[in-house]
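Novice: no FASTA, just this:
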């Protein structure tokens, strides 16, 4: 078995660096690397989450997420889930940023509560509060 110690980063294909950097900064991420030669921008969050933004999208698919908004279901990563301490506070902060919550709050069978919203390229982001500190 391969010994895996954690997730190093999440790679997200985007259409516009400036727009996406601004969006993820509003969620508390900081720009830690900008490498035009590799076509990647790296953003890090104080929680340890690292995102690699790849400015290589060639189509916006009519502003639809091909993994989440199409009738035909394709394999692939459908969303990222970021853990929060308080879903009510997170919901209030997301709304204050002018972002639209597309689903939730939803309580799942494991007791966690989540809300969902989209980044500028329609990638789904879930904020989830685990059961042990669920309201």
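Specialist: Arrived safely. On a predicted model such as this, the values are computed, not experimentally measured, just so you know.

Novice: how is the chain carved up into domains?
Specialist: Taking automatic domain parsing as the domain assignment, the ranges for the chain are 1-58, 78-135.

Novice: could the ones you listed go into TSV alongside mean pLDDT and mean neighbour count?
Specialist: (Glycine included, C-beta is placed from N, CA and C.) Listed next are the domains of the chain as TSV, based on pLDDT from 0 to 100; neighbours: other Cβ atoms under 10 Å:
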stretch	mean pLDDT	mean neighbour count
domain 1-58	93	14
domain 78-135	93	16
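
Novice: and residue 68, which of the ones you listed is closest to it?
Specialist: Shortest distance between residue 68 and those, using Cβ to Cβ, is found for domain 78-135: 5.7 Å.

Novice: where's the nearest residue in space to residue 46 that is not next to it in sequence, which helix or strand?
Specialist: Spatially, and ignoring its direct neighbours in sequence, residue 46 is nearest to residue 28 (6.7 Å; Cβ to Cβ, 6 or more residues apart in numbering). For residue 28, there is no enclosing helix or strand under DSSP states H and E.

Novice: Does residue 28 touch residue 48 like I think?
Specialist: No - Residue 28 is not in contact with residue 48 according to Cβ atoms under 8 Å; the separation is 11.9 Å.

Novice: where exactly do the helices run in this protein?
Specialist: Under the criterion DSSP state H, the chain contains helices at 17-26, 87-96.

Novice: Now tabulate those in JSON lines and tack on distance to residue 36.
Specialist: JSON lines is the format used below for those (distance: least, Cβ to Cβ, whole Å):
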{"stretch": "helix 17-26", "distance to residue 36": "9"}
{"stretch": "helix 87-96", "distance to residue 36": "31"}
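
Novice: quick one: contacts of stretch 57-65?
Specialist: Contact with stretch 57-65 is made by 13, 14, 15, 70, 118, 121, 122, 123, 124, as judged by Cβ atoms under 8 Å, 6 or more residues apart in numbering.

Novice: Name the residues of that stretch that come out as buried.
Specialist: The neighbour-count check on stretch 57-65 (16 or more other Cβ atoms under 10 Å) flags residue 65 as buried.
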